[in-house]
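K.L.:
Structural data only, the sequence is not supplied:
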């Protein structure tokens, strides 16, 4: 069975500052890794994903994440945030053989202030 | 435009009154699923369907039913809703070639 831990429930950050959201997972098999963003009163939108290949993955809106197999981590980063990045961010994993079931973390609320 | 639609978007009901939340997709995806989102718990899978007439339980199926009679539709049925089913519900489809899931806008359900 897989599990996902997002280490911070809330991250306050000033506009134009960098942000890092931490995600650790546990799994006995190889996994696919995802970050989703949920803006207020909206559904989930895929930010980026890691399936294989380069461990540094670039996504939309200037976000990137690095897969670290030895540390079982997939932390999300953005070098300079905007007010519009205020949202909840979810890390998720899936087992390639599980027909697409996503196991989500509890979420990290990012609040960007001027 | 590729879309996953859910109806209704908001629903307030009372304990025991049967309800159905519809989900429809126009992407011809075989895989569809339902999740519920609760504060501090993230999203948890309720049911999923790998294709027409093929459904299976997710992590939290108790109190829910689904059906998949057509590829595009995957309704979620609460036969006798209870207050602990008050939640935000998301339908999702999966594009198997890219392993990307697309989520609907959500249905906020309150059971009194």
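P.N.:
Structure received. The structure presented is a predicted model; accordingly, all values stated were derived computationally and were not measured. Numbering: from 1, shown residues only, chains lettered A, B, ... in the order given.
K.L.:
So which residue is smack in the middle of chain B?
P.N.:
Using Cα atoms, centre = their mean, the residue of chain B that lies closest to the mean C-alpha position is residue B:34, 3.1 Å off.
K.L.:
and residue 87, how many neighbours?
P.N.:
Just going to use chain A. 21 (other Cβ atoms under 10 Å in any protein chain shown). Where C-beta positions appear, they are placed from N, C-alpha and C, glycine not excepted.
K.L.:
nope, chain B
P.N.:
Residue B:87 has 21 nearby residues by other Cβ under 10 Å.
K.L.:
ok, now residue B:65?
P.N.:
Using other Cβ under 10 Å, residue B:65 has 14 neighbouring residues.
K.L.:
now do residue B:32
P.N.:
Residue B:32: 29 neighbours (other Cβ under 10 Å).
K.L.:
Excluding chain neighbours, what is closest to it?
P.N.:
residue B:74 (4.2 Å; Cβ to Cβ, 6 or more residues apart in numbering or on different chains).
K.L.:
Residue B:89 too?
P.N.:
residue B:107 (4.6 Å).
K.L.:
which residues sit in contact with the one you found?
P.N.:
Residues near residue B:107 by Cβ atoms under 8 Å, 6 or more residues apart in numbering or on different chains: B:6-11, B:21, B:88-90.
K.L.:
rerun that using 7 Å as the cut-off
P.N.:
B:6, B:8-9, B:11, B:21, B:89 (Cβ atoms under 7 Å, 6 or more residues apart in numbering or on different chains).
K.L.:
same thing with residue A:78?
P.N.:
A:18-19, A:62-63, A:85 are the contacts of residue A:78 under Cβ under 7 Å, 6+ apart.
K.L.:
Out of those residues, the closest to residue B:84 would be?
P.N.:
Using Cβ to Cβ, residue A:85 comes nearest to residue B:84 of the contacts of residue A:78, at 33.2 Å.
K.L.:
residues near that closest one, how many?
P.N.:
Residues near residue A:85, counting by other Cβ under 10 Å: 20.
K.L.:
Just list whatever residues bridge to the closest residue to it other than its chain neighbours.
P.N.:
What sits nearest to residue A:85 in space, not counting adjacent residues and going by Cβ to Cβ, 6+ apart, is residue A:112, at 5.4 Å. Beta-bridge partners for residue A:112, by DSSP bridges, are residue A:13.
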